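Asks: Sequence plus predicted model, see below.
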Amino acid sequence: MDLTIRPRRLRGNAGIRALCRETRMSPDSLIYPIFVDETLQGTRHIDALDGQYQYGLDSVHLAVEDCLAAGVTKCILFGLPAKKDAIGSSAWDEHGVVQEAIRRIKAKYPDFYVITDVCMCEYTDHGHCGVLHDHDVDNDLTLEVLCKETLSHAMAGADMVAPSDMMDGRVAAMRKTLDDNGFENVPIMAYSAKYASAFYGPFRSAAGSCPSFGDRKSYQMDCHNRKEALRECALDVEEGADIIMVKPALSYLDVIRECSDAFDLPMCAYSVSGEYAMIRTAGQAGLIDEYKVMCESAVSIFRAGANILITYYAKELAQAMKKGDIG
Ligand code: PBG
């Protein structure tokens, strides 16, 4: 054969393959989700998310130590409060679970980067992401409580806040609250295109945030839509978001691609609990190689255009990157 062009030349060995990788990742891009339970001492295994734990305030530093040992330097905090009520008032308690967790982490590890999930669903007794009016979440009333929650997180020392509620106008409202209170340097990472997804199932049992009636379809996005994702991102950019996010990740790679092409902000993807659970369980059943599928899935998210990834596999992925298996 008289072949001039032979693509296989660049695949001949591990060295040349690593040289020609088009997608580059590092542990710096990874964020690990940490669940803190105000009523817990020590740690508790999350059965719905095998290999993941809830931490008491007395032991949240252990989660951080594991991250640092693996090369992960950033987390996103989720709180399980001791008390819930109709408006989720423990969400903005100065001594609430997330606020105290931030203080404990920062006291020991001031350089560990702490992002907080800003949402009401873990704090309301009905499990919806805001204040109800009749049987639906009232957008504008919810903005008020989200701003209080945001401010209390910033005052406790959060490095970044991440609204995950999908209310209209929350980024502008949070930006104004932060700026008016001297927190103009605290960035907002907006869950911009967050879909109403069945992939959140394990998270809701881990965070105790399952809605007691109905679903989240009146505020989270319909999975059929892609232009709406561009519109949601555009709104968040206009309102002052510093980082935009698409969530879930694996079933929305097309949305990650379109949004990362359309906007010049850093693009985060959240590989959610159901994605982790699928890979984990299929691996444990011996049906797939968990490590390899974890690696390939993470690469696909970065290849789609994300440059930040929130994942329950953050520690294992950081190790895989250090070894050079990916990245
Ligand atoms: C809301 C929130 C959810 C997740 C992150 N923030 C759940 C929801 O919207 O019901 C899901 C994360 C996951 O599934 O891993 N506070």
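Replies: That came through fine.
Asks: tell me the pLDDT at residue 205?
Replies: Listed pLDDT for residue 205 reads 89.
Asks: ok so it is a strand residue?
Replies: No - Residue 205 is assigned helix when assessed by DSSP: H, G, I helix; E, B strand; the rest coil, not a strand.
Asks: Show me the shaky parts of this structure.
Replies: Across the chain, nothing is flagged by pLDDT under 70.
Asks: can you list the residues of it near the ligand?
Replies: The chain comes close to the ligand at residues 117, 119, 121, 164, 200, 203, 204, 209, 272, 273, as judged by CB under 6 Å from any ligand atom. Bear in mind the C-beta positions are built from the backbone N, C-alpha and C, glycine included.
Asks: now those residues as a markdown table including neighbour count?
Replies: Putting the residues of the chain next to the ligand into a markdown table (neighbours: other CB atoms under 10 Å) gives the following:
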| residue | neighbour count |
| --- | --- |
| 117 | 23 |
| 119 | 27 |
| 121 | 23 |
| 164 | 21 |
| 200 | 23 |
| 203 | 24 |
| 204 | 16 |
| 209 | 21 |
| 272 | 25 |
| 273 | 25 |
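Asks: Tell me the one among those nearest to residue 8.
Replies: Of all the residues of the chain next to the ligand, residue 272 has the smallest distance to residue 8: 37.0 Å, by CB to CB.
Asks: What degree of burial does the closest residue to the closest one other than its chain neighbours show, as a neighbour count?
Replies: Among residues not flanking residue 272 along the chain, residue 248 sits closest, at 4.4 Å (CB to CB, 6 or more residues apart in numbering). When neighbours are defined as other CB atoms under 10 Å, residue 248 has 22 of them.
Asks: Residue 248 and residue 155: what is the separation?
Replies: Applying CB to CB, to the nearest Å, the value for residue 248 to residue 155 is 31 Å.
Asks: same check, this time on residue 291
Replies: Distance of residue 291 to residue 155, computed by CB to CB: 41 Å.
Asks: Spell out which helix or strand contains the nearest residue to residue 44 once chain neighbours are set aside, please.
Replies: Leaving aside its sequence neighbours, residue 44 sits nearest to residue 54 (CB to CB, 6+ apart; 4.7 Å). Counting by DSSP states H and E, the element that carries residue 54 is strand 53-55.
Asks: For the chain, just list every one of the strands.
Replies: Along the chain, counting by DSSP state E, strands occupy 30-37, 43-45, 53-55, 74-80, 113-118, 132-133, 136-137, 160-163, 189-194, 243-247, 267-271, 308-311.
Asks: Now render these as CSV, adding distance to residue 94.
Replies: Formatted as CSV, those follow (distance: least, CB to CB, whole Å):
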stretch, distance to residue 94
strand 30-37, 16
strand 43-45, 25
strand 53-55, 20
strand 74-80, 13
strand 113-118, 14
strand 132-133, 25
strand 136-137, 25
strand 160-163, 16
strand 189-194, 23
strand 243-247, 27
strand 267-271, 28
strand 308-311, 26
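Asks: of those, which approaches residue 322 most closely?
Replies: Distance to residue 322, taken as CB to CB, is lowest for strand 30-37 among these, at 11.5 Å.
Asks: Can you give me the neighbour number for residue 51?
Replies: Applying other CB under 10 Å, we find 14 residues neighbouring residue 51.
Asks: quick one: it and residue 280 touch, right?
Replies: Yes - using CB atoms under 8 Å, residue 51 is in contact with residue 280, at 6.6 Å.
Asks: Which residues are in contact with residue 280?
Replies: Residues in contact with residue 280 (CB atoms under 8 Å, 6 or more residues apart in numbering) are 49, 50, 51, 290.
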